[in-house]
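> Everything below, folded, please.
(one chain, ligands or ions: 1)
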Amino acid sequence: MPLTLVIDDDRSVQHLVTQALKPLKVDVLSAATAEEGLDQIRERSPDVVLLDIMLPETSGLELYRRVFDLDPKLPVIFITSVSSGQTAIEAIKLGAYDYIHKPLDVEQLREKVNQAVEIRRLMHDPVVLPHAGTEPTEGDLLVGNSPQMMEVYKAIGRVAPQDVTVLIRGESGTGKELVARAIYQHSRRAHGPFLAINCAAIPEGLLESELFGHEKGAFSGAVTTRIGKFEQCDGGTIFLDEIGDMTPVLQSKVLRLLQEKQFERVGGNKTIKVDVRIIAATHRDLEKMPEEKFRSDLYYRLNGFVITLPPVRDRGDDLLVLIDHFLRRFNRELGKQVQGLSGDALKRMMRYGWPGNVRELQSVLRQAMLQSTGPVLITDFLPADVRSGRGRDAVSPGEGSVGTDLDHFIRDRLAADSKDLYAEAIEFLEGVLLRRVLSATGGNQSRAAEILGIARGSLRNKIRALGITIDRVVSGDSDDDTD
Ligand SMILES: Nc1ncnc2c1ncn2[C@@H]1O[C@H](COP(=O)(O)OP(=O)(O)OP(=O)(O)O)[C@@H](O)[C@H]1O
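Reported below is the predicted structural model:
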């Protein structure tokens, strides 16, 4: 479980953070002084640090420099007061991950810690390219031996050390983020920061300021200056996921950054120079998008080095290799001893179209293994559309009964002697809820987030974590209804 360290001399803040982070799957450690905090970092290697900017006897910035020396890839979120805003800006310029004002807003705290945990994972967990017979003990292995995947590995090896922009293309769940991390980790910038921005998950009006920052007073609500991700990531690598969802105005700003390595903050006239490598990704056919949706000059600029990830249905026997890999991984993670799939289950999986690609495969196998009690996964444990081989059809709202399904699920997990049933059942229910709501909104994530009463970013994270494929919860193949 990820570990968060809070360094604050105020016990009530320590307590508040511990309570606030309880619902997240995050452990919390506390330290009241700088020295105690540094000891905890050395001994416990936390994944995220929350650091009071006004510690007695040490300045927060000074302590940040010492934390950075110990672990330059440790995301630090400063806890600040409005009066220490300028120091927070300095901290971000030095590379701190983010800051949060006192009094702490619990929802905001959870969101920032969640994002920091994710960024820690992206920077820290190695992505291993396949070498015959080796299975990494930590991190993620890129699996597959098909000729298409061999080309992908070769392309990663070729482009990683060159400091050029890369465009990664492929359907949802094909491994674009994994490839972006592999490029970063094998590049000369591997010791610098890596930040990932999902352009589709951030409301249009906020994305510009998220990426480029803004000056105080630039628009109503801009009460302080904000440092954007490009400035924060100076010397590092930025992953712009779903770049096809960016507005043309923003596209022109990114194009200028690529050409001239400079930009202005929103509402500012000072030109800021940065040295950032951009890795972009999209599931869209950028070349088929009209000019008013995607600028052709940016497309040609991005098109210099392209890596295309094939859909799982075109990878031939890689499906078997992926199944074998995930069976072994989930056996380890879930304490199971599943040896394989029944002939019929395998046949249906081979026939299925896997519109959600590797992420969907992973999710289907995990759910099936959670339900299984014996050494062989049988067809009954597969979801209805894999069993029927439908692939892209809608989940009919009338299909099955949540109550009965949950009941079966609980019964199976009790029989399997689960030690984590609370979390497993919540995950199961979340999956049902999200699928139903997304189906009702025709795949519109903004609308779904509104109905659910959660932030769009959280919804997006949950969709990813649960392996939900929008194409599958709405009828038809259209891209446009996915927001
Ligand atoms: N070749 C592979 N070998 C092993 N695991 C893989 C492979 N490709 C993808 N995965 C796993 O599948 C999941 C989805 O991958 P990833 O998030 O990189 O896809 P993506 O193309 O970025 O998806 P999206 O477009 O929806 O953001 C991740 O858990 C990733 O680790």
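> Is the residue located most distally from the centre of the chain in a helix, a strand, or coil?
No residue in the chain sits farther from the centre than residue 57, which is 37.3 Å out by CA atoms, centre = their mean. State at residue 57, reduced to three classes by DSSP: H, G, I helix; E, B strand; the rest coil: coil.
> Check residue 272 too.
Strictly by three-state DSSP, residue 272 counts as strand.
> Torsion angles phi and psi at residue 29?
Torsion angles at residue 29 (phi, psi; degrees, to the nearest 10) stand at phi -110, psi 150.
> So that it lines up with my notes, have the first residue be 54 from now on.
Taking 54 as the first residue, the last one we looked at is residue 82.
> roughly how far apart are the residue in the chain positioned nearest to the ligand and residue 193?
Nearest residue of the chain to the ligand (CB to the nearest ligand atom) works out as residue 228 at 2.7 Å. All C-beta spots, glycine's among them, are computed from the backbone N, C-alpha and C. Here the criterion is CB to CB, to the nearest Å. By it, residue 228 lies 9 Å from residue 193.
> more crowded one of these two?
Taking other CB atoms under 10 Å, residue 228 and residue 193 do not tie; residue 228 has more neighbours (24 against 17).
> Isn't that one up against residue 194?
No: the criterion here is CB atoms under 8 Å, and residue 228 misses it with residue 194 at 11.1 Å.
> ok, and the closest non-adjacent residue to residue 244?
residue 125 (6.9 Å; CB to CB, 6 or more residues apart in numbering).
> follow-up on the earlier one: residues contacting the residue of the chain closest to the ligand?
195, 362, 410, 411 (CB atoms under 8 Å, 6 or more residues apart in numbering).
> mind running it again at 7 Å?
By CB atoms under 7 Å, 6 or more residues apart in numbering, the residues touching residue 228 are 195, 362, 411.
> Spell out which residues of the stretch 254-403 of the chain are next to the ligand.
When proximity is defined by CB under 6 Å from any ligand atom, the stretch 254-403 of the chain lies next to the ligand at 294, 336.
> what ranges do the helices span in the stretch 254-403 of the chain?
257-265, 282-285, 301-313, 349-355, 371-387, 396-404 (DSSP state H, counting those that start in this stretch).
> gap between the last one and the chain center?
In terms of CA atoms, centre = their mean, to the nearest Å, the centre of helix 396-404 is found 30 Å from the chain centre.
> quick one: average pLDDT of the helix or strand following it?
Per DSSP states H and E, the first helix or strand lying C-terminal to helix 396-404 is helix 410-424. When pLDDT is averaged along helix 410-424, the result is 93.
> Now residue 150: closest residue in space that isn't a chain neighbour?
That would be residue 128: by CB to CB, 6+ apart, it lies 3.8 Å from residue 150.
> what do you get for residue 241?
residue 214 is the one closest to residue 241 (CB to CB, 6+ apart), at 6.2 Å.
> ditto for residue 280
Spatial nearest neighbour of residue 280, excluding adjacent residues (CB to CB, 6+ apart): residue 145 at 4.2 Å.
> List the buried residues in the host helix or strand of that neighbour.
Per DSSP H and E, residue 145 falls inside helix 138-147. Neighbour counts over helix 138-147 (16 or more other CB atoms under 10 Å) mark 138, 140, 141, 142, 143, 144, 145 as buried.
> can you check stretch 319-329 too?
Result for stretch 319-329 [16+ other CB under 10 Å]: buried residues 319, 321, 325, 327, 329.
> and what of stretch 97-110?
Residues of stretch 97-110 classed as buried by neighbour count (16+ other CB under 10 Å): 99, 100, 101, 102, 103, 104, 105, 106, 107, 108.
> so which of the residues you listed also contact the ligand?
Counting by CB under 6 Å from any ligand atom, no member of those reaches the ligand.
> Identify, from these, the entry nearest to residue 208.
residue 100 (30.6 Å; CB to CB).
> Quick check: which of the helices of the stretch 254-403 of the chain is buried the most?
helix 282-285 (a mean of 22; mean count of other CB atoms under 10 Å).
> re the thing from before, will you turn the contacts of residue 228 into CSV that also has distance to residue 521?
Shown next, in CSV, are the contacts of residue 228 (distance: CB to CB, whole Å):
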residue, distance to residue 521
195, 23
362, 20
411, 14
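> can you pick the most crowded of those residues?
residue 411 (26 neighbours).
> Next, the contact list for the residue nearest the centre of the chain, please.
Nearest to the mean C-alpha position of the chain, counting by CA atoms, centre = their mean, stands residue 171 at 6.0 Å. Contact partners of residue 171, counting by CB under 7 Å, 6+ apart, are absent.
> circling back to that earlier point, can you list the residues that contact the helix holding residue 145?
Taking CB under 7 Å, 6+ apart as the rule, helix 138-147 contacts 106, 113, 114, 117, 131, 133, 152, 277, 278, 280, 284, 285.
> can you pull the pLDDT of the fourth one?
pLDDT for residue 117: 91.
> would it count as being in a helix?
Yes: according to three-state DSSP, residue 117 belongs to a helix.
> Contact partners for it?
104, 129, 144, 147, 149.
> Good, we can wrap up now.
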